[in-house]
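K.L.:
The sequence and its predicted three-dimensional model are supplied below.
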Amino acid sequence: MSEPVLHCENVSKNFKEGELNVDVLQDITLSIAAGEQVAIIGSSGAGKSTLLHLLGGLDNPSEGEIWVAGKLMNGLGPAQRGIWRNKNLGFVYQFHHLLPEFTALENVCMPLLIRGLSPADAQEKAQRMLTEVGLEKRLKHKPGELSGGERQRAAVARALVTEPKCILADEPTGNLDHRTAERVYERMLDLNQSIGTSLVLVTHAPTLAERMDRTLRLVDGRLMAE
């Protein structure tokens, strides 16, 4: 059996609020296999986004270990962690987080340039990915000139363009109308399957969760199978 893309072992996360110690996540152990699609559901405030941030190495757990592509994230410094994230993970958020002063093409080029690709190679690859998400006629448009659905599709292209081992998506269509959301979901799933990456998706949409290989629910800081 191949090594999991993501693995966390006995992970807990707590925050201090004044004299209070708030336990957000408790003793979570989870493995994500290569190519697997996993939905994480739960009520608002259950800690879903916190878990996704921990899995992506954007935050440290209070206890436990998190492994990404075979490397212990807890043991890496900020710069090393950023390099490893760029190499292995893609992120899609509810808000697109595109850089407003750059075009769609330039935004999608960014992670490739950070990785060290030449500008010409980055542009070619970014253009190909934007074409796959249906934005071939919007390459030179800045985010303010794109619709909400187009901006989110550009964000999906940016997450997928490096062909990461895993996509972490946090309510990626929460601000979109149903039809646009469905198109973005379909495109993300199609590209996920064609590239062969894993997908970990935080969602409130039961219909989407049902289409994943596995659905997990966060309840009182603990993760359990549906």
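P.N.:
It's in. Numbering: from 1, shown residues only.
K.L.:
Could you report the distance from the spatially most central residue of the chain to L117?
P.N.:
Nearest to the geometric centre of the chain sits L168, at 2.0 Å (CA atoms, centre = their mean). Between L168 and L117 the distance is 22 Å, computed by CB to CB, to the nearest Å. The C-beta positions use only the backbone N, C-alpha and C, and glycine is treated the same way.
K.L.:
likewise A155?
P.N.:
In this view, A155 and L117 are 19 Å apart by CB to CB.
K.L.:
got it, and I167?
P.N.:
Taking CB to CB, one finds I167 at 19 Å from L117.
K.L.:
out of the two, which sits in the more crowded spot?
P.N.:
Neighbours of I167 and L117, each counted by other CB atoms under 10 Å, are more numerous for I167; the result is 23 against 18.
K.L.:
returning to that earlier point: element containing the residue nearest to the centre of the chain, please.
P.N.:
If you go by DSSP states H and E, L168 is part of strand 166-170.
K.L.:
Report the contact partners of the residue nearest to the centre of the chain.
P.N.:
Going by CB atoms under 8 Å, 6 or more residues apart in numbering, L168 touches L52, L55, G56, L89, G90, F91, V92, V200.
K.L.:
now do A169
P.N.:
Contacts of A169 by CB under 8 Å, 6+ apart are F91, V92, Y93, A159, M188, L199, V200, L201, V202.
K.L.:
Provide the contact partners of the helix or strand encompassing A120 at residue level.
P.N.:
For A120, the element it lies in under DSSP H and E is helix 119-132. For helix 119-132, the external contacting residues (CB under 8 Å, 6+ apart) are 104-105, 108-109, 112-113, 117, 136, 138-139, 154, 157, 160-161, 187, 191.
K.L.:
did I read that right, M110 in a helix?
P.N.:
Yes: judged by DSSP: H, G, I helix; E, B strand; the rest coil, M110 forms part of a helix.
K.L.:
Need the pLDDT of A33.
P.N.:
Per-residue confidence (pLDDT) for A33: 91.
K.L.:
next structured bit after the helix or strand bottoming out on mean pLDDT in the chain?
P.N.:
Taking mean pLDDT, DSSP states H and E as the measure, the chain has helix 178-195 as its least confident helix or strand, at a mean of 75. As assigned by DSSP H and E, the chain's next helix or strand after helix 178-195 is strand 198-202.
K.L.:
that older thread, got JSON lines for the contacts of L168, with distance to S147, neighbour count and secondary structure too?
P.N.:
Output for those, formatted as JSON lines (distance: CB to CB, whole Å; neighbours: other CB atoms under 10 Å; DSSP: H, G, I helix; E, B strand; the rest coil):
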{"residue": "L52", "distance to S147": "26", "neighbour count": "21", "secondary structure": "helix"}
{"residue": "L55", "distance to S147": "30", "neighbour count": "27", "secondary structure": "helix"}
{"residue": "G56", "distance to S147": "27", "neighbour count": "22", "secondary structure": "coil"}
{"residue": "L89", "distance to S147": "27", "neighbour count": "25", "secondary structure": "strand"}
{"residue": "G90", "distance to S147": "22", "neighbour count": "27", "secondary structure": "strand"}
{"residue": "F91", "distance to S147": "21", "neighbour count": "21", "secondary structure": "strand"}
{"residue": "V92", "distance to S147": "17", "neighbour count": "24", "secondary structure": "strand"}
{"residue": "V200", "distance to S147": "27", "neighbour count": "26", "secondary structure": "strand"}
